[in-house]
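Chemist: Turn this into a model:
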Amino acid sequence: MHNTADLQEIVDEIAARLGASATLEDRSFRLLAYGAQHGDIDTVRQESILRRRATGEVRDYFERYGIARAAGPVRIPADAELGVLARVCWPLRHGDVTYGYLWLLDSGALTHDPAALDSVAPLVARAAAELAQEARSRQDLGRGLLALFSSDPAERAGASIEVPGLVTTGPVTAVAVRESAERVAALWTLPRGVLARTGSPVAVLAPAHLAGEVAQTLQSAYGTAAGIGAPRTDPADAWLSWREARQALRVAEHFPRHAPVARWKDLGAYRLLARLAGPDLRELAGETASLDAELAETVEVYLDHGGHAQKAAAELGIHRQTLYYRLGKAERLTHKDLSDGDDRLAVHLGLKAARLL
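Modeler: Residues are numbered from 1 along each chain as shown. Just a heads-up that it's a prediction; the model follows:
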């Protein structure tokens, strides 16, 4: 994983040569190293050092200047409202991929002697190469995830769980994320201690305390959905969390109330549905196969509101008499009585099963 000592040495040397306050962050703006701070520093720099990561608002401001794709240093002006001093961002690119950023608060030397930056170009290239090597190492380690997550005990037995960089002293959690059609470099934005592998879905194993952050990061990058399994104390049981993560992902993709990131522990009865195989789901869905789309939506909204007609009608945007008419028609078609608890349960489960199909 990251050679922290090397990165710290690089940042210290850059700061000393330029007489500028310097920090080095990964692609997701997590602080990796910082040098001695020279002169004035702003609120953003203080927060970055204290909290180890910039806020979303500040990241959005910086990214508006095209730093993710820039081939060289980018000068970013001050913004009093955000508490941002003028600074130089030098993207850490290796092989046409941006792996992180070097940040320099714009001292007089940088402003009046632009050539000063040329003197540290080899150091910037060295830092970019370090981060690229980290990405390659993570990719190599990620290949073992499929074996670790396999439901086949023989495959799991051959998987190494003593993986450098993976925090195994505490609970671990699996995360499943649907990739977008157009891939982005999302896996390189993940923090240390997280293993990931591309696929359908993307497979991730993270320390339990980072699982939510990791899921949100990848889901935002891909613009799709994510599922988070329950934590497991023993990494050898991570395959159970992976199974839950994939099932939670299915729920997130089919039920808006649990989108875009679904946690297994929060799914309630949906956990039972998500565990069912195709034939079982089709059998349940058969309870409501006679309903067209309009009637199915009407009954589902009505049951989702616990049979509260006023709330259901309001959500559907129809008069209550229209609601009652549709419910009556649905009862005749399904041969179910929606005032009967067992019939109501069968219809409700049938509608949810149809969604998962």
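Chemist: Below-threshold pLDDT in the stretch 201-350 of the chain: ranges please.
Modeler: Judged against pLDDT under 70, the stretch 201-350 of the chain has no low-scoring part.
Chemist: Do you have the strands of it handy? List them.
Modeler: Using DSSP state E, counting those that start in this stretch, the strands found in the stretch 201-350 of the chain span residues 202-207, 226-228, 261-263.
Chemist: Now L105. Nearest residue, chain neighbours left out?
Modeler: Using Cβ to Cβ, 6 or more residues apart in numbering and skipping residues adjacent in sequence, the residue nearest L105 is S21, 4.2 Å away. For every residue, glycine as well, the C-beta is placed using N, CA and C.
Chemist: could you pull out the helices for the stretch 1-150 of the chain?
Modeler: 4-18, 43-51, 56-63, 108-112, 121-142, 145-148 (DSSP state H, counting those that start in this stretch).
Chemist: I should have written the stretch 201-350 of the chain there, sorry.
Modeler: Going by DSSP H, counting those that start in this stretch, the stretch 201-350 of the chain shows helices at 211-222, 238-254, 270-275, 278-285, 293-304, 309-316, 320-334, 341-356.
Chemist: Now do the shortest one: which elements does it pack against?
Modeler: When you say that, I think you mean helix 270-275. helix 238-254, helix 341-356 (3 or more Cβ pairs under 8 Å, 6 or more residues apart in numbering; DSSP states H and E).
Chemist: change it to 6 Å
Modeler: Counting contacts by 3 or more Cβ pairs under 6 Å, 6 or more residues apart in numbering; DSSP states H and E, helix 270-275 is packed against helix 238-254.
Chemist: Quick one: residues in contact with the helix it packs on.
Modeler: 148-149, 172-176, 201, 205, 225, 227-230, 232, 258-259, 262, 264, 267, 270, 274, 355-356 (Cβ atoms under 6 Å, 6 or more residues apart in numbering).
Chemist: Alpha carbons of it, in CSV - could you do that?
Modeler: The C-alpha trace of helix 238-254 is given here as CSV (Å, rounded to 0.1, in the frame of the first residue of the first chain):
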residue,chain,number,x,y,z
ALA,A,238,-16.7,-12.3,4.5
TRP,A,239,-18.5,-14.4,1.8
LEU,A,240,-21.7,-14.2,3.9
SER,A,241,-21.4,-10.4,4.0
TRP,A,242,-20.8,-10.4,0.2
ARG,A,243,-24.0,-12.5,-0.3
GLU,A,244,-25.9,-10.0,1.7
ALA,A,245,-24.3,-7.1,-0.1
ARG,A,246,-25.4,-8.4,-3.5
GLN,A,247,-28.9,-9.1,-2.2
ALA,A,248,-29.1,-5.5,-0.7
LEU,A,249,-27.9,-4.2,-4.1
ARG,A,250,-30.9,-5.9,-5.8
VAL,A,251,-33.3,-4.3,-3.3
ALA,A,252,-31.6,-0.9,-3.9
GLU,A,253,-32.1,-1.3,-7.7
HIS,A,254,-35.8,-2.2,-7.5
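Chemist: Turn the strands of the stretch 201-350 of the chain into a markdown table, including mean neighbour count.
Modeler: As requested, those are arranged in a markdown table below (neighbours: other Cβ atoms under 10 Å):
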| stretch | mean neighbour count |
| --- | --- |
| strand 202-207 | 25 |
| strand 226-228 | 30 |
| strand 261-263 | 23 |
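Chemist: Can you lay out those as CSV showing distance to H254?
Modeler: Formatted as CSV, the strands of the stretch 201-350 of the chain follow (distance: least, Cβ to Cβ, whole Å):
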stretch, distance to H254
strand 202-207, 19
strand 226-228, 11
strand 261-263, 10
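Chemist: rewinding a little: select from the helices of the stretch 1-150 of the chain the stretch with the lowest mean pLDDT.
Modeler: Note on these: lowest mean pLDDT is at helix 108-112, with a mean of 61.
Chemist: Not including adjacent chain positions, what is the nearest residue to L351?
Modeler: E300 (4.5 Å).
Chemist: swap that for A15, sorry
Modeler: If the residues on either side of it in the chain are set aside, A15 comes closest to G35, at 3.1 Å by Cβ to Cβ, 6+ apart.
Chemist: what's the one you found sitting at in phi/psi?
Modeler: Per-residue torsions, G35: phi -100, psi -180 (degrees, to the nearest 10).
Chemist: A196 now?
Modeler: The phi/psi pair for A196 (degrees, to the nearest 10) is phi -150, psi 150.
Chemist: Distance check, it against V97.
Modeler: Separation of A196 from V97 (Cβ to Cβ, to the nearest Å): 16 Å.
Chemist: do R59 as well
Modeler: From R59 to V97 the distance is 19 Å (Cβ to Cβ).
Chemist: Same check on G350?
Modeler: On the measure of Cβ to Cβ, G350 and V97 end up 48 Å apart.
Chemist: Give me the more crowded residue out of those two.
Modeler: Ranked by neighbour count (other Cβ atoms under 10 Å), G350 and V97 place G350 first, with 23 against 15.
Chemist: and the residue nearest to A15, how many neighbours?
Modeler: Quick note: G35 (other Cβ under 10 Å) scores 21 neighbours.
Chemist: wait, doesn't the residue nearest to L351 sit right on L349?
Modeler: No. In this structure E300 lies outside contact range of L349 using Cβ atoms under 6 Å: 10.9 Å.
Chemist: Not counting sequence-adjacent ones, nearest residue to L205?
Modeler: Nearest non-adjacent residue to L205 (Cβ to Cβ, 6+ apart): L195, at 4.8 Å.
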